[in-house]
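I would like the atomic coordinates for the input below:
(one chain, ligands or ions: 3)
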Amino acid sequence: MKFHFLGKNEEKNAARKGAVRIALTEGKSAIFRDRDGVRTLEIGTGEDGLKKMTRRTFFLTMRKIIAEAKKTEIPSLHIHMPDFAFPRLGFTEKELGEIIAREFILSNYEFDFYKTVDADRHFFVKDIFITGGSRKTEEGIARGLMIATHINKSRDLVNTPGCDMAPAHFAENAIAESKGFPVKASVLDKQAMRKIGMGGVLAVGDGSQHEPKFVILEYFPLPRGQKGKTGKKIKPIVLVGKGVTYDTGGINIKTGSHLDDMHMDMAGGAAVLHAVILAAKLGIQRNIVGLIPAAENMPSGMSLKPHDIITSLSGKTIEILNTDAEGRVMLADALTYAGRYDPALVVDVATLTGSAMSALGQRASAIFTKDAKLEALARELGEKSGDHVWPLPLWDEYAEEIKGTYGDFANTGKTRYGEAINAAIFLYQFVKDYPWLHIDIAPRMVSIEGEYLAKGGTGVPISLLLQLIEKA
Ligand code: BES
Ligand code: ZN
Ligand code: MN
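Ligands and ions are numbered 1, 2, ... in the order given. Now for the predicted structure:
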């Protein structure tokens, strides 16, 4: 999708170039109308939609425009910026440009990579003509375009089937994507992980023919450890992403529909990878580290088994009660490793539990933190970014659930209740002396009807991570 900026009073030129003008109206439908000789597609925003427009419905409306254009195969659209100004929503010109570009590009995405027949491929909107904007609009659109491009790249990774996305593929891709940016990408292989005692990642990877990898991304635009402008020591923000390239469950094998979409169990890792690259591309002045433990969770003669007891990087032992609770075992090592950076903040992102989905449905990720201010900020930025989050408790009493019988900790709770919380409190046992936010994105792993996104991965929560990087 390309954006073209036309000057003042050039609205007629957009029509001459064959672009269909977009107008927002009340009501449900999307219909073509002739407005003063200009071919116009009217997009319904719902009953009293214009009057009741919220940030949320605005984002969706932007996506709906593209969804309708794709459906009716319109290659070229004309957006007159003043038609999209809702002063009540308080968008700056730049922000409005960013939102329009981002949501348009997110909605224009499809995963057609494996379609070999042209006719089976989707129709895409190619050109957007913008009138009535300013320099600020253009800046916003450039930023939105960059953000959405990387969100879509992460969706490509998430949607790639397991056969083409083993841990080594993920690691190679991370290195390739980092090229050309001031991001240092390095990969710990099995041997390197053994050397430092990353028992959790290794154990989860044991059952697979494909070796586990531990991906490390470092973007350090500021001098490490020195005092910054505010007089405070410059500490990085560390992002941790679960990178299970396929989750069969292991010996506790998943059956039937529980296997659906389990090639997407590296969505947290894909989000972290592209959040770091985006920060570098946008030149954000903040030191950032990305850590992605990647493994394939498979059953085999070499697999981790129930009642195995493994030693994690922290030195603490973990009693495996269920090999399908693999994410937390890998993340435990990554959270320990994060401590090496003396971080200002650690945020982990993981498709961790079906339980988070049971609790919240598919419209919000679950967040957990001990830090009330951080929780409030995450909720606010969730609202701002469109990557909605909702808190669940991280109370110490839940730690009773994951006390080990023979080892230090057990990797599942004693009952089948509250597993999203049990997983979070388990992770908390490996959190060192740094502020920490855990985001269980299992609820948002795949898109849902009505959000005008292609079937498959959503790219959540890259927009939120970016805002956290800039504001937390
Ligand atoms: N990757 C899954 C969680 C998941 C399920 C994500 C569905 C997205 C959609 C995770 O590794 C898992 O299997 N969790 C188990 C934990 C249980 C064995 C304690 C679960 O949620 O069932
Ligand atoms: Zn998993
Ligand atoms: Mn699992």
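
does the nearest residue to residue 32 once chain neighbours are set aside count as helix, strand or coil?
With sequence-adjacent residues excluded and distances taken as Cβ to Cβ, 6 or more residues apart in numbering, residue 32 is closest to residue 41, at 5.7 Å. Where C-beta positions appear, they are placed from N, C-alpha and C, glycine not excepted. Applying DSSP: H, G, I helix; E, B strand; the rest coil to residue 41 yields a three-state assignment of strand.

who's residue 41 bridged to?
Counting by DSSP bridges, residue 41 forms beta bridges with residue 22, residue 32.

which residues touch it?
Under the criterion of Cβ atoms under 8 Å, 6 or more residues apart in numbering, the contact list for residue 41 reads 20-23, 30-33, 65, 68-69, 72, 74, 77.

any idea how far it is from residue 28?
14 Å (Cβ to Cβ, to the nearest Å).

then residue 151?
Applying Cβ to Cβ, one obtains 28 Å for the distance of residue 151 from residue 28.

residue of the stretch 151-300 of the chain nearest ligand 3, please.
residue 247 (4.4 Å; Cβ to the ion).

that residue against residue 326, yeah?
Yes: with contact taken as Cβ atoms under 8 Å, residue 247 and residue 326 are classed as touching, separated by 6.7 Å.

joint contacts of the two?
Counting by Cβ under 8 Å, 6+ apart, the contacts common to residue 247 and residue 326 are residue 297.

neighbour count for these two, which is higher?
It is residue 326, of residue 247 and residue 326, that has more neighbours when counted by other Cβ atoms under 10 Å, with 30 against 27.

let me see the backbone angles for the more buried one.
Recorded main-chain torsions at residue 326 are phi -90, psi -30, according to degrees, to the nearest 10.

do I have it right that it meets residue 244?
Yes: at 6.3 Å, residue 326 and residue 244 qualify as touching, with contact defined as Cβ under 8 Å.

let me see the domain layout of this structure.
2-147, 161-471 (automatic domain parsing).

tell me which of these sits nearest to ligand 2.
Taking Cβ to the ion as the measure, those were each checked against ligand 2, and domain 161-471 came out nearest at 3.7 Å.

who in the stretch 251-400 of the chain is up against ligand 3?
For the stretch 251-400 of the chain, the residues found near ligand 3 under the criterion Cβ under 5 Å from the ion are 324, 326.

roughly how far apart are the closest residue to residue 86 other than its chain neighbours and residue 59?
In space, and not counting its chain neighbours, residue 86 is closest to residue 53: 5.0 Å by Cβ to Cβ, 6+ apart. As for residue 53, its distance to residue 59 is 10 Å (criterion: Cβ to Cβ).

more crowded one of the two?
Counted by other Cβ under 10 Å, residue 53 and residue 59 do not tie: residue 59 has more neighbours, with 20 against 17.

show me what contacts that one?
Going by Cβ under 8 Å, 6+ apart, residue 59 touches 99, 103, 386.

circling back to that earlier point, sort the contacts of residue 41 by pLDDT and name the bottom one.
When the contacts of residue 41 are compared by pLDDT, residue 30 scores lowest at 87.

can you count the residues close to the closest residue in space to that residue that isn't next to it in sequence?
The spatially closest residue to residue 30, leaving aside those adjacent along the chain, is residue 68, at 4.3 Å (Cβ to Cβ, 6+ apart). Applying other Cβ under 10 Å, we find 22 residues neighbouring residue 68.

and what of the one 4 residues further on?
Here the neighbour count serves as a burial measure; for residue 72 (other Cβ under 10 Å) it reads 12.

what's the answer for residue 108, then?
22.

just checking, it touches residue 124?
Yes: with contact defined as Cβ under 8 Å, residue 108 counts as touching residue 124 (5.6 Å).

identify the contacts common to those two.
1, 70.

and after the helix or strand residue 62 falls within, which helix or strand comes next?
Residue 62 belongs to helix 55-71 when assigned by DSSP states H and E. Downstream of helix 55-71, the next assigned helix or strand under DSSP H and E is strand 76-80.

send me the helix or strand following that next one as PDB with only the CA atoms.
Scanning the chain past strand 76-80 towards its C-terminal end, the next helix or strand to appear is helix 93-107 (assignment: DSSP H and E). Once non-C-alpha atoms are left out, helix 93-107 reads as follows in PDB (Å, rounded to 0.1, in the frame of the first residue of the first chain):
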ATOM      1  CA  GLU A  93      -2.700  15.500  13.400                       C
ATOM      2  CA  LYS A  94       0.400  13.300  13.600                       C
ATOM      3  CA  GLU A  95      -1.400  10.700  15.700                       C
ATOM      4  CA  LEU A  96      -4.400  10.600  13.300                       C
ATOM      5  CA  GLY A  97      -2.000  10.000  10.400                       C
ATOM      6  CA  GLU A  98      -0.300   7.300  12.300                       C
ATOM      7  CA  ILE A  99      -3.500   5.500  13.200                       C
ATOM      8  CA  ILE A 100      -5.000   5.700   9.700                       C
ATOM      9  CA  ALA A 101      -1.800   4.300   8.100                       C
ATOM     10  CA  ARG A 102      -1.300   1.600  10.700                       C
ATOM     11  CA  GLU A 103      -4.900   0.300  10.700                       C
ATOM     12  CA  PHE A 104      -5.100   0.500   6.900                       C
ATOM     13  CA  ILE A 105      -2.000  -1.600   6.400                       C
ATOM     14  CA  LEU A 106      -2.900  -4.000   9.200                       C
ATOM     15  CA  SER A 107      -6.200  -4.600   7.500                       C
END
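
only alpha carbons, please: show the following helix or strand past helix 93-107 as PDB.
Secondary structure here is assigned by DSSP H and E; on that basis, the next helix or strand after helix 93-107 toward the C-terminus is strand 127-131. The C-alpha atoms that make up strand 127-131 are tabulated as PDB, following Å, rounded to 0.1, in the frame of the first residue of the first chain:
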ATOM      1  CA  ASP A 127      -2.900   3.400  -3.400                       C
ATOM      2  CA  ILE A 128      -4.200   5.900  -0.900                       C
ATOM      3  CA  PHE A 129      -4.400   9.600  -1.900                       C
ATOM      4  CA  ILE A 130      -4.400  12.000   1.000                       C
ATOM      5  CA  THR A 131      -5.700  15.500   0.800                       C
END
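
which parts of the chain sit against ligand 1?
Along the chain, the residues adjacent to ligand 1 under the rule Cβ under 6 Å from any ligand atom are 247, 265, 322, 324-327, 351-355, 412, 419, 442, 445.

please, where are all the strands along the stretch 101-250 of the chain?
Using DSSP state E, counting those that start in this stretch, the strands found in the stretch 101-250 of the chain span residues 127-131, 184-188, 213-219, 237-241, 243-247.

save these as TSV, and put in mean pLDDT too.
TSV is the format used below for these (pLDDT from 0 to 100):
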stretch	mean pLDDT
strand 127-131	98
strand 184-188	98
strand 213-219	99
strand 237-241	99
strand 243-247	99
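
ok, now which ones touch the one residue in the chain that gets nearest to ligand 3?
With Cβ to the ion, the shortest gap between the chain and ligand 3 falls at residue 324, namely 3.9 Å. Under the criterion of Cβ under 8 Å, 6+ apart, the contact partners of residue 324 comprise 247, 249, 250, 252, 253, 254, 297.

from residue 271, how far out is the nearest residue to residue 220 once chain neighbours are set aside?
Nearest-residue entry for residue 220: residue 287, 4.8 Å, with adjacent residues in sequence omitted and distances by Cβ to Cβ, 6+ apart. Distance of residue 287 to residue 271, given as Cβ to Cβ: 19 Å.
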